[in-house]
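Visitor: Fold the following.
(chains A and B)
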Amino acid sequence: GAVVSQHPSWVICKSGTSVKIECRSLDFQATTMFWYRQFPKQSLMLMATSNEGSKATYEQGVEKDKFLINHASLTLSTLTVTSAHPEDSSFYICSARVAGKYQETQYFGPGTRLLVL
Amino acid sequence: KQEVTQIPAALSVPEGENLVLNCSFTDSAIYNLQWFRQDPGKGLTSLLLIQSSQREQTSGRLNASLDKSSGRSTLYIAASQPGDSATYLCAVRGTYNFNKFYFGSGTKLNVKP
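Guide: The predicted structure follows:
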C-alpha cells in the first residue's frame, strides 16, 4: 500500500528557533498534501492544504506566516514552524492524497512530535 | 460547521468481549466516513471507510455501520484482544469539500488480558 513518511519523528528546540518538518510520499505521487496538528488528548485539526506548485490554503485561525508550507514536488511537502514557542508544541501529522486511481484516498504519515522549550 | 463527537471517551474491557464505539456528526451531507486507529505517539491507520451510499463495511473482526440520516456511525469490535488497545478515531468528509476530514476526539480503548 501507499506509504507516507515524515522526518524527523521527534524534535526538541529552543523557543525562537525555526523547525522544518518533511512529509514524503514514498511510492506514489501526491498532488495534494495536508497538514494536521494534534494537541494532547484532542483530535486532529486540519491546518492547511497544499497543492504541488501552488500556495497552500490555510484553515481559519492558522497563521500562514508562522507555519510556512512548501510543496515543491509531487512527493515532498515541508512545514516550517517559524520562531517556535512553547504553545506550538504539538504532534504534527501530514497526509497525502493519491493522484489518479485512488483519488478519494488519503494516507497519513507517522507524525512528528515537536517540543519547544 | 461539521462537528464530530465520539462516545465514550475511554473504555476498558476484559479480553474477549464484544464492544461498540459510537460516533455522531451534525451535518448529514457527508462524502464518506472513516474509522482510524491511532497508537500512542503514532500516526493513523485506516480501518474502514464507508461511502455515503453504504450502510456498513466489514473487515475481519471489525464492522462499521453508517446511518447518515441520523448522523451516526458505530464501530463494532468482536472478540476484543489486548492488541486492539489504542485510540479509535472517526472522521467524516463533507460533500462540499471532500478533501477535508473532520475528526472526532477519539475513544481510548484498553483491552485487559
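Visitor: give the contact list for residue B:89.
Guide: By CB atoms under 8 Å, 6 or more residues apart in numbering or on different chains, the contact set of residue B:89 is A:43-44, B:6, B:35-38, B:44, B:103-104, B:106. From N, CA and C alone the C-beta is placed, and that goes for glycine too.
Visitor: Neighbouring strands - and their directions - for the host helix or strand of it?
Guide: Residue B:89 is part of strand B:86-94 when elements are defined by DSSP states H and E. Using DSSP bridges, the strands paired with strand B:86-94 are strand B:30-38 (antiparallel), strand B:101-103 (antiparallel), strand B:107-112 (antiparallel).
Visitor: re earlier: tell me the most packed of the contacts of residue B:89, by neighbour count.
Guide: Among the contacts of residue B:89, the one with the most neighbours (other CB atoms under 10 Å in any protein chain shown) is residue A:44, at 28 neighbours.
Visitor: Quick one: mean pLDDT over the helix or strand harbouring residue A:72.
Guide: Here residue A:72 sits within strand A:67-73, counting by DSSP H and E. The pLDDT scores in strand A:67-73 average 91.
Visitor: Can you mark which positions in it are buried?
Guide: Of all the residues in strand A:67-73, those buried under the rule 16 or more other CB atoms under 10 Å in any protein chain shown are A:67-69, A:71.
Visitor: Over to stretch B:99-110?
Guide: Those would be B:99-109, for stretch B:99-110 by 16+ other CB under 10 Å.
Visitor: start to end distance for it?
Guide: Using CA to CA, to the nearest Å, the end-to-end distance of stretch B:99-110 comes to 31 Å.
Visitor: give the contact list for the nearest residue to residue B:65 once chain neighbours are set aside.
Guide: Nearest non-adjacent residue to residue B:65, counting by CB to CB, 6 or more residues apart in numbering or on different chains: residue B:56, 4.4 Å away. For residue B:56, the contacting residues are B:50, B:63-66, by CB under 8 Å, 6+ apart.
Visitor: one more time with 10 Å
Guide: With contact set as CB atoms under 10 Å, 6 or more residues apart in numbering or on different chains, residue B:56 has these partners: B:48, B:50, B:63-67, B:73-74, B:76.
Visitor: related to what we said a few turns ago, can you list the contacts of residue B:89 in a markdown table and add pLDDT?
Guide: Below are those laid out as a markdown table (pLDDT from 0 to 100):
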| residue | pLDDT |
| --- | --- |
| A:43 | 85 |
| A:44 | 89 |
| B:6 | 96 |
| B:35 | 96 |
| B:36 | 95 |
| B:37 | 95 |
| B:38 | 91 |
| B:44 | 88 |
| B:103 | 94 |
| B:104 | 94 |
| B:106 | 94 |
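Visitor: Just the closest of those residues to residue A:88, please.
Guide: Minimum distance to residue A:88 across the contacts of residue B:89 is 15.9 Å, recorded for residue A:44 (CB to CB).
Visitor: Quick one: residues contacting that closest one.
Guide: A:34, A:36-38, A:91-93, A:95, A:108, A:111, B:36, B:38, B:43-44, B:89, B:91, B:101-106.
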